[in-house]
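Novice: Could you look at this predicted model? Sequence included:
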Amino acid sequence: MAFTPSEKAQHMTQTPFLSSFRTIWSGGYYEGDPTDPMTPSGYGIFGYHSSLYLIYRCCIKPFITPDTTVLEIGPGRGAWTKSVADLGAKQVFAVDVVDPEYAGFWQYVGRRPNIQHIVVDDCSLHDVSDNSIDYFFSFGCFCHIKPDMNIAYINALASKMRSGSHGFLMVADYDKFNACVGDVQGRSIWRAFTNKKFAAVRTAWRASLTLFHDKFVQRPLDKTEPDSTDAGAWFHFGTIAACRALEAAGFKIVEADMDICHRDPVIHFQKR
């Protein structure tokens, strides 16, 4: 096919420019390994995101619409609740054992007609209507309750969620936790300073890590230790056990671990 005069002129302009790319990156342009969550990149210290932000972007924002009715268990002060409400969810049920005034929930979230805070003393979810929930979220809650309570909440949740609805659940998994705290240099901000120009920062970080190791790095957790009676203690449930409980309750596992948090699993599931 013959070029028109204008196409020929455009071709003559584009060809030298595009040809210049053939020799500027020997071995091919390579930004970094996209499957490595802590890979260094051309973005340097600006190439990393907070796990909380990633969870918001991947697990919350794509699933909330003006027609979504949300159930959250364990909102605390309401950081996740506020993010959901700000996206315009139709209705949000925030279930907690903590009084909202004590938690500063309303002060942080603000009184809104589409948010209902429910104080409970068991895992039955009896104050939430059956077949009413389009989306479920819980982060930083199930890790603080015993495995049998995790299962009780999951079983109760099954009747509350509509078919096709999505849920995201963080649980305590000592194996993932220990793998994380045992690999500080591989799974921490340390990797941001691998470039030679950050040598001084890396040296200072290493010295601080040595001096203040117990403040920076949590100790490994032992599944053989007896359950703690301390308020706020962690209880190992595990990703495998949690997925089995969800499947037994009638949920489909979409992803056993979203792997957007180095320390803790976030399970994506869907009501059949």
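Specialist: Sure, I can see it.
Novice: distance between stretch 18-26 and the chain's centre?
Specialist: Centroid separation between stretch 18-26 and its chain, computed with Cα atoms, centre = their mean, to the nearest Å, is 39 Å.
Novice: and if you look at stretch 250-261?
Specialist: Per Cα atoms, centre = their mean, the centroid offset for stretch 250-261 relative to its chain is 11 Å.
Novice: ditto for stretch 125-142
Specialist: In terms of Cα atoms, centre = their mean, the centre of stretch 125-142 is found 18 Å from the chain centre.
Novice: what sits up against it?
Specialist: Stretch 125-142 has contacts (Cβ atoms under 8 Å, 6 or more residues apart in numbering) with 55, 59-60, 63-64, 67-74, 76, 80, 84, 89, 93, 95, 118, 120, 150, 153, 156-157, 159-162, 165-172, 237, 242, 266. For the C-beta atoms, the positions are set from N, CA and C on the backbone; glycine is no exception.
Novice: Buried ones among those?
Specialist: Buried by 16 or more other Cβ atoms under 10 Å: 55, 59-60, 63-64, 68-74, 76, 80, 84, 89, 93, 95, 118, 150, 153, 156-157, 159-161, 165-172, 237, 242, 266, out of those.
Novice: So which of these are in helices?
Specialist: Those of the buried ones among the contacts of stretch 125-142 mapping onto helices are Ile55, Trp80, Val84, Asn150, Tyr153, Ala156, Leu157, Ser159, Lys160, Ala242, per DSSP state H.
Novice: So of those, which two are at opposite extremes in space?
Specialist: Greatest spatial distance in these: Ile55 and Ser159, 26.1 Å, computed using Cβ to Cβ.
Novice: Now render the ones in helices among the buried ones among the contacts of stretch 125-142 as a markdown table, adding distance to Ile253 and pLDDT.
Specialist: Compiled in a markdown table, these are given as follows (distance: Cβ to Cβ, whole Å; pLDDT from 0 to 100):
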| residue | distance to Ile253 | pLDDT |
| --- | --- | --- |
| Ile55 | 18 | 98 |
| Trp80 | 22 | 98 |
| Val84 | 23 | 98 |
| Asn150 | 15 | 98 |
| Tyr153 | 17 | 98 |
| Ala156 | 19 | 98 |
| Leu157 | 14 | 98 |
| Ser159 | 19 | 98 |
| Lys160 | 18 | 98 |
| Ala242 | 9 | 98 |
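Novice: so who does Lys146 touch?
Specialist: Asp227, Phe235.
Novice: Now the residue nearest the centre of the chain: closest residue in space, sequence neighbours ignored.
Specialist: When the chain is reduced to its mean C-alpha position, the closest residue under Cα atoms, centre = their mean turns out to be Ile55, at 3.1 Å. Nearest residue to Ile55 in three dimensions, chain neighbours excluded: Ile260, at 5.8 Å (Cβ to Cβ, 6 or more residues apart in numbering).
Novice: Next one: the one you found from Gln185, what distance?
Specialist: Distance, Ile260 to Gln185, using Cβ to Cβ, to the nearest Å: 20 Å.
Novice: So for those two, which residue has more residues nearby?
Specialist: Ile260 (19 against 12; other Cβ atoms under 10 Å).
Novice: before we move on, the earlier item: how near is the residue nearest to Ile55 to Ser50?
Specialist: Taking Cβ to Cβ, one finds Ile260 at 10 Å from Ser50.
Novice: which stretch of helix or strand covers Lys252?
Specialist: strand 251-255 (DSSP states H and E).
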